[in-house]
Every structure is written in C-alpha cells, then in structure tokens.
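> kindly return the folded structure for what I paste below:
(chains A, B, C and D)
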Number of protein chains: 2
Amino acid sequence: MKKVTIADVAQHAGVSKSTVSQYLNQRYDYMGEQTKARIEETINVLGYRPNILARSLKQKSTTTIGVIVANILHVFSTQVIRAIEDVCNEKDFHVIICNADNQPEKEKKYIEMLRAKQVDGIIAFPTGGNIALYQDLVRENYPIVFIDRLIEGIETNTVLLDNEKAAFIAVETLVKNGYSKIALLSPPFEHAITPRMERLNGYKNALQEYQIPLNEEYIVSGKTSEMQSLIGKLIYLKDPPKAILATNDHVLMELLTYVKKNQIRIPEEIGVIGIDEVSFADIYSPSLTTIAQPSFEMGAKAANLLFERIQKKEIINQAKIYRFEPKLIVRESC
Amino acid sequence: MKKVTIADVAQHAGVSKSTVSQYLNQRYDYMGEQTKARIEETINVLGYRPNILARSLKQKSTTTIGVIVANILHVFSTQVIRAIEDVCNEKDFHVIICNADNQPEKEKKYIEMLRAKQVDGIIAFPTGGNIALYQDLVRENYPIVFIDRLIEGIETNTVLLDNEKAAFIAVETLVKNGYSKIALLSPPFEHAITPRMERLNGYKNALQEYQIPLNEEYIVSGKTSEMQSLIGKLIYLKDPPKAILATNDHVLMELLTYVKKNQIRIPEEIGVIGIDEVSFADIYSPSLTTIAQPSFEMGAKAANLLFERIQKKEIINQAKIYRFEPKLIVRESC
DNA sequence: CTGAAAGCGCTTACAG
DNA sequence: CTGAAAGCGCTTACAG
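Numbers count the residues shown, from 1 in each chain, chains lettered A, B, ... in the order given. Coordinates of the predicted model:
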C-alpha cells in the first residue's frame, strides 16, 4: 500500500497541491465551498494523512520536546514527566523521554540526538557533567529549562524545590515534637548535587536556629550499598540520635529496611521524618511524616516556561530560578 | 546564528553536497584521504550538525517509536518504559511517550499523531476501545505490538503476563499455608480488561483444583472509591474469609489502608497475598508475599518484537502471544 | 574518486 | 479564489 501524498489528493480532487495545503492548514479565507467539499471528500476516500515530517522540515518546528531525566524509575521523575506530558498534550506537542542515568556521556549523546531530531526544546534534570554543552545551548538561545538541579554559571530557567526550607521544616518539626538529637541521612555529597547540598544546609541552619549544637557524627551519607552499615554505626553511637531525617525516598527505604531488620520501634525508639513523599506513607505503621515536593506543579511549570521560550523567539535572557514550597504532611512517625 | 547545512559544509570544503553526505554516512569506500580530512575539519569549524528530519523524510525512517501507556504513574508502566528505552537506546532509537489514561479517544488521537509524525512503530497498552483503528494498522502491516492486554480479533504480537497462572499460584500458596476461605479483591470487571478477567479465572481454577467450593461473596470488585466499604462488607460477612488475594497493586493498597484503619493483624487475622510487586513489600510489617510480573523482560521483549517487525519489511503476519511467567516472592503475610 | 540532478512531502510567497 | 515554482536539508542512483 503506497503512501498517499498531498499530490495524490490534489490530482484526484482536480486542484493544485497549494490548495490542498491551504485546506489542511484551515486557511479557508478565499476557498470556494465546492473546492473545500471536494478536497475533504478526496481526503477521506484516499485515506490521506499528512506527513508531519515534511511540514516540520519546512516550518522548522517539530512540535516535539525532549525530556532528559536522571531515571524514569524514580517516582519524582514520573510525576514530573506526567505533568509535562499533560501540558504538552494540550498544545498538541509530543515528548521524547531519555534516561541519562546520571551519566554525563549519556546526557551528551541524548542532547545531541534530540537536537539533531530538531526538537523544539529540552527539559532536563542536568547531570552537571556537561557544562560546556549547556553553555553552547544557552549561547545559541536554544530553549532549555532545568529541573531539580542548579548548574552554576548556566543562565537558564530552573525549577526546583526550596530544599533548604524542606530540611529546615523537617528539623523544626522534630524539635517541636521534643527531639534534639537529630541525625541526617543522605545520599553521597561527592558531586555536590543541588538537592543534597541544600538539604544539608537547611538541616544545619535549623539546628542553629534552635540552638542545637551540630554533631558531625549525626551527619551520615553514603551509597546505598553501604547504608545498612552506616545506619548501624549511627544507632550504636555512644550518644545515639533520637530522631533521623532521611533526605530522600531512597535513603528512607534504607532506614526502614534497617529498622525492620533490627526490630526498632518508630517513633518510640527513633523518630523518623523523610523528604519526598512515598506511596506507602499512609499505610505503613506508624504512618510516615514526610515533606513532599509539589512534583506536578513543578513539571507543569517547567513545561510552561519552556513553551514561553519556544513561542517568543526574542532573546529574553532573563533566566530565573523558580523555587517551590515543600509541603509538610504530618503523620505518626515522629 | 544561522543553521549550517550540508550545503555550507560542501561549499567551505570545496566539495559537493553528495560527497559530504557520503562522508556523513560513513561511505568512505572511494573517498580520498584529504577529502575526508577536509570535510571533517570543516564540520568542526562550522559546528555543523545534521538535520535528521531531512534525512528521515528521504529515508522514510525516523528512528523513533511511540509508546502508549495507560498511565505512566503506574510502576509497571514505568518499568516497561524503562526497558523499552534501554533497548531503543542501543539501537539509537528514541521513544515518544503518551498517556492514554484508558480513554479510547485519547488513544486514537495519539495513534494518529504518532503516525503523522512517521514513527517507525508503536508499542501500546491498548484501551480496547479502538478496534477499527487497530485493524487498519494491522491491515496496513504497520509495526505495532500490544502489551498487557489481549485484544480479541487483532492479529498482532502481544506480550503479557500469564495472568491465570499468577492467580493460580497465589491461591495455591494460600492453600498450602492452610487457608481455604480465600477471597479475591479486584478492580472492576466491566470492560473485561484482560488481566482482570484472567486473574479471576486463575482464582476459580485453583479453587476447583483444590476442591474448595466457590463462594460468590468472596469475589469482590469495584472502583477505588468504593473499595473501603466493599472490604468492610467482606470482612463482616457471617463467614468471613481467612485470606485475601489482591489482584493488583492498587487493590492491595486499598486493602492495606483498610487493615491499618481497622487494626487488623496480618497474617494472624487475615492472610494477604498480592499480584504485582510493590516497592514496600520488604519493609512492610509483616513483609508482603507477592507475585511479581517480570516487567523489564516484558518491556524488552515488546521492544525486540517491534524491532523485528520494523527491520524486515516483509509481511510476516505470524502474530503471537508471548506469555511471561509470574514470580512468587514468599514473604510473611500469609 | 566526485559531482549534478532529482526527489522525499510538505509550505509559502507571488502572480494572475 | 487558485496554481506554478521554489525551497526546507538531506540522500541516492547515475554519470563521468
């Protein structure tokens, strides 16, 4: 079955390609009623469907954007993607999803492929490992918005949580519930990934605010593989903490794994609060007090910012940082 | 900054467009070493990047596939997507994600947009509401593979769980642990969605196999909004069940919500087993016995089937159904 | 070993 | 109100 093209339609309807094209683009201004009807019919009869590729080539817009996430398996990422998808759908845009897996090389490859495919813009959870590439994009005024992570020196719109505040609220909540020996459990600090560093700062600020001396032994960070032993050490400190702030959902999982294995009771023996909402917060016993990111709002904001940039071609290089408010959800774990 | 095209490169390097194109496509067979070097240099100097759109138009392949999921927020969907993404990445393909939200109209719109964008193939969790459209696709020999759901009368490769077996194993596990009063909790049966119907069958078959009389009151299905009260009724039956099979993760969540609210003890008061793995199965108390779908294998299989179809243009209409084995993960909840 | 020319399927001034 | 022609940025026989 051969593809039917605009030329076929034109021939069958006895008009020119231009006229068919006008019809397709709803420019009926000067079109005769019968011409219109004839074209419409021919399209149905032949089963013609426009080839958007050809249009894109001419119009220089693919009505497609790229989204590069760290990993689609993270709940936060999927919620952000869902929100982006929804706003794209309204505008009849499509989204190409890529997983950079926190690997700068993969990210680079994806950015280049996306550009080669002429996507109209990109939303990325930047790995931070491609500064030169980001700078090129910004210099060329290519529409791009970052999410979740701040990249030093790159002038582009960025959407992220007020991470300091999130950690601050967490500590504050614990303090108000009578805790003062508060530990922080975090993924590695090595690459100075924005949320991790900012959450650490928020923790420190809150301690200071509430005049609780900082105990370096209470700051624990490491890879998943070493978490169990790190938590063990923390719990068996001479002067162990009475509460733990898990700075993201993965770390929380590790904590709860430890807690279950060692039959520690929450909150009697240890208070727990986590940043990032988790699906089982309500059904866990005790239910888990968490600080949620407004991920849908964040995704929608990122998409809207990108569309603004795509629509107005002018160089409005007013890169801004959009901070979102963390939401405390009080439950029973501290 | 104007886009640099193959013509610019040709001009600057003092060769023809054809030669540059040969270079880009690595057809060096007859190319002079110096020509090659000169082109390479020019490309770097000018910062040329190919426009894949133009190539796609000519070559009739976009190296992009579409994936239409019911909802990306479901863990199973994201795992399937991740697997698809990974095999696509190896082949330098991209994937466009769409959420049909179980709405046939949305699915239809997406299928049409994807085809207009000339994607090379589609993997879909079919809503079941667009039979005519599916048939068109199959008739045109358009590469498409279905996942998770079987559509009556559509001759296309389909990848899905052996749902009957999953439910059978669940019941069997309960029986072997001494249960005989076993209820089934399911989402609505209205649209005869494959996994739901098959799991119900598996449940019935297992009861028969183990000579347990079927009690219609033990078969409970309904929307999320009515689940709590339905579970309540089930529990307060004169002759209440001693174990419950939750046929998917959502239903399991509802069960656990009820259990927590009413302080019912698992497995002492009620045994629980669920189909679909959940993130918190291990950390929940008691840990939850589940039957997992091999979602990554399934996604990878779907992608590979699609690529087979894309690569060989011949009409090999040997549509097959690929059943995947459920995996019992024994833990403490029954 | 390389180039001129046609063509992929559209859109868009421009002319009439 | 409609058509002829050029062009988007590539690829690909074909000729030399």
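> residue boundaries of the helices in the stretch 51-200 of chain A?
A:52-59, A:75-90, A:104-116, A:131-139, A:163-176, A:194-209 (DSSP state H, counting those that start in this stretch).
> helices or strands up against the fourth one?
Think helix A:131-139. helix A:104-116, strand A:144-147 (3 or more Cβ pairs under 8 Å, 6 or more residues apart in numbering or on different chains; DSSP states H and E). For the C-beta atoms, the positions are set from N, CA and C on the backbone; glycine is no exception.
> relative to helix A:131-139, how tilted is the longest one?
In this case it means helix A:104-116. Angle of helix A:104-116 versus helix A:131-139, following axes from the mean of the first three to the mean of the last three Cα atoms, to 10 degrees, is 30 degrees.
> thinking again about what came up before, now tabulate the helices and strands packed on helix A:131-139 in TSV and tack on mean neighbour count, distance to DNA strand D and mean pLDDT.
As requested, the helices and strands packed on helix A:131-139 are exported to TSV (neighbours: other Cβ atoms under 10 Å in any protein chain shown; distance: least, Cβ to the nearest atom of the strand, whole Å; pLDDT from 0 to 100):
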stretch	mean neighbour count	distance to DNA strand D	mean pLDDT
helix A:104-116	18	9	95
strand A:144-147	26	20	96
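> for chain A, which residues are neighbours of DNA strand C?
A:3, A:5-7, A:17-18, A:21-22, A:24-25, A:48-51, A:54-55, A:57-59 (Cβ under 7 Å from any atom of the strand).
> just the buried members of those?
Among the residues of chain A next to DNA strand C, those classed as buried by 16 or more other Cβ atoms under 10 Å in any protein chain shown are A:5-6, A:22, A:48, A:50-51, A:54-55, A:57.
> a markdown table for those residues, including pLDDT?
Below are those laid out as a markdown table (pLDDT from 0 to 100):
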| residue | pLDDT |
| --- | --- |
| A:5 | 90 |
| A:6 | 90 |
| A:22 | 86 |
| A:48 | 91 |
| A:50 | 92 |
| A:51 | 93 |
| A:54 | 93 |
| A:55 | 93 |
| A:57 | 93 |
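> which among the residues you listed gets closest to residue B:39?
residue A:57 (23.3 Å; Cβ to Cβ).
> need the nearest residue in space to that closest one, chain neighbours excluded.
Nearest residue to residue A:57, sequence neighbours excluded (Cβ to Cβ, 6 or more residues apart in numbering or on different chains): residue B:53, at 5.1 Å.
> contact partners for that neighbour?
Contact analysis of residue B:53 by Cβ atoms under 8 Å, 6 or more residues apart in numbering or on different chains lists A:53, A:56-57, A:62, A:117-118.
> just the buried residues of stretch A:65-72, please?
Result for stretch A:65-72 [16+ other Cβ under 10 Å]: buried residues A:65-70, A:72.
> actually stretch A:309-325, sorry about that
For stretch A:309-325, by 16+ other Cβ under 10 Å, it's A:309-310, A:322, A:324.
> with stretch A:129-142 instead?
A:129-130, A:133-134, A:137-138, A:142.
> let's see it as CSV, backbone CA atoms only.
Provided in CSV are the C-alpha atoms of stretch A:129-142 (Å, rounded to 0.1, in the frame of the first residue of the first chain):
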residue,chain,number,x,y,z
GLY,A,129,28.8,17.0,33.8
ASN,A,130,28.4,18.9,30.5
ILE,A,131,28.9,22.5,31.4
ALA,A,132,30.4,23.4,28.0
LEU,A,133,27.5,21.8,26.2
TYR,A,134,24.9,23.6,28.4
GLN,A,135,26.7,26.9,27.7
ASP,A,136,26.6,26.3,23.9
LEU,A,137,22.8,25.7,24.2
VAL,A,138,22.3,28.9,26.2
ARG,A,139,24.5,30.9,23.9
GLU,A,140,22.6,29.7,20.9
ASN,A,141,19.5,30.7,22.7
TYR,A,142,18.1,27.2,22.4
